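A.B. asks: give me a 3D structure for the following:
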Amino acid sequence: ITTDDGNKEEFDVMIPVYLEEELIAYVIVGDLEEKTGVSPVIKHMNFIQTLTNLIIVAVRNRRMVEVNLRQERVKKELELAAEMQAMLVPNQLPSNEFFDVSAIYRPHQQVGGDYYDFIDIGNNEIMLCMADVSGKGVSAAFLMANFQAYLMALFTYRKLELEEAVKELNDRVMQTAQGEKYITFFVAIYNKKSREFRYVNCGHNPPLLMNVNGESEWLKLGSLGLGMFEEIPQITQGDMTLDANSVLLCYTDGLVELENEQLEEFGTDRLENMVKKHFYVTMAALNQLIIKELNSFRGEKPYVDDTALLSCRFF
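C.D. replies: Sure, this is the predicted structure:
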């Protein structure tokens, strides 16, 4: 072996040290003063074994420190994302002479990509919405945060009509996600005085609207999901006048697509039957009953997606 100062040294043995099939070091053994007699490998065997073990332990400890640091960084990022996501959804929903509103959100992981809102936008109008970003985790949460901020600006400051707002939101998702993710989105505007209700469904699970007679409608009119194409080819707006005491139920696919142990989905029929059966309870009670039924239905099967549920009665 040539040393740093250019001299050549001879050694009896060079031992490669492996950790999990990866070469991490060499142990070089030699005895410069002892030319004859007992082999230095045999003479210093205990020392060689001890030194090799120390090297392996030191390298493993260093790697453990690096792994722990990475895990701590990920944990902090998840905590930050969870705090940010908690600020996206309203912590108080109205219960007054106009509305009874309640919601439940259960992310599958520490953070998720579902979002709902219920906002007074002035002129006796409210905007309610529910959205679901493709994928899960931190990236989905950050895309949804960006989406929510832009959505708020469109409806609270610029007062856009639904069709124009959907076009701008599609542009925003395309710019932000670069075609790697998309968002399904249901948005509606309701006038408290005229009872006029207009909506656009952008590829989202159709919300259920039911009146006091048990007559129901799935709100499907709209467009493709946001961020699927650079331009949405067609947008269809739904318009209607709501009867007093009508109930609207918005949800994400994590609710109706959850399977039980027989691989059956919870489905929209069960959801509709639950609303009809418990039509006159409060919206908070209705949501709890639906989640209780969902948990009973799934048995030991785990949740596999984010689950959001927003219920509203229009008095």
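A.B. asks: and Arg198, how far from Tyr190?
C.D. replies: Summarising the geometry, the distance separating Arg198 from Tyr190, computed by C-beta to C-beta, to the nearest Å, is 8 Å. C-beta coordinates here come from the backbone N, C-alpha and C atoms, glycine included.
A.B. asks: higher neighbour count, these two?
C.D. replies: The residue with more neighbours, out of Arg198 and Tyr190 and counting by other C-beta atoms under 10 Å, is Tyr190; that gives 22 against 17.
A.B. asks: residues contacting that one?
C.D. replies: Under the criterion of C-beta atoms under 8 Å, 6 or more residues apart in numbering, the contact partners of Tyr190 comprise Glu125, Ile126, Leu128, Glu196, Phe197, Leu242, Phe314.
A.B. asks: so the first one makes contact with Ile189?
C.D. replies: Spelled out, that is Glu125. Yes: taking C-beta atoms under 8 Å as the contact criterion, Glu125 and Ile189 are neighbours in contact, 5.5 Å apart.
A.B. asks: which one of the two has more residues nearby?
C.D. replies: A direct count of neighbours by other C-beta under 10 Å for Glu125 and Ile189 places Ile189 higher, at 22 against 18.
A.B. asks: residues contacting stretch 292-301, please?
C.D. replies: Contacts to stretch 292-301, defined as C-beta under 8 Å, 6+ apart, come from residues Leu255, Leu258, Glu259, Asn260, Glu261, Phe266, Arg270, Met274, Thr307.
A.B. asks: how distant is that stretch from the center of its chain?
C.D. replies: With C-alpha atoms, centre = their mean, to the nearest Å as the basis, the distance from the averaged C-alpha position of stretch 292-301 to the chain average is 21 Å.
A.B. asks: okay, that stretch in CSV with CA atoms only?
C.D. replies: Output for stretch 292-301, consisting of C-alpha atoms alone and laid out as CSV, is shown next (Å, rounded to 0.1, in the frame of the first residue of the first chain):
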residue,chain,number,x,y,z
LYS,A,292,-71.8,4.5,13.2
GLU,A,293,-73.4,2.5,10.4
LEU,A,294,-70.3,2.7,8.3
ASN,A,295,-68.1,1.3,11.1
SER,A,296,-70.6,-1.5,11.7
PHE,A,297,-70.7,-2.3,8.0
ARG,A,298,-66.9,-2.4,7.5
GLY,A,299,-66.3,-4.7,10.5
GLU,A,300,-62.5,-5.4,10.8
LYS,A,301,-61.7,-3.8,7.5
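A.B. asks: quick one: mean pLDDT over the strand or helix carrying Asn46.
C.D. replies: For Asn46, the enclosing helix or strand under DSSP states H and E is helix 45-88. Averaging pLDDT along helix 45-88 gives 71.
A.B. asks: and the next helix or strand past it?
C.D. replies: Downstream of helix 45-88, the first helix or strand assigned by DSSP H and E is strand 99-106.
A.B. asks: quick one: buried residues of that following strand?
C.D. replies: Residues of strand 99-106 classed as buried: Phe99, Asp100, Val101, Ser102, Ala103, Ile104, Tyr105 (neighbour count, 16 or more other C-beta atoms under 10 Å).
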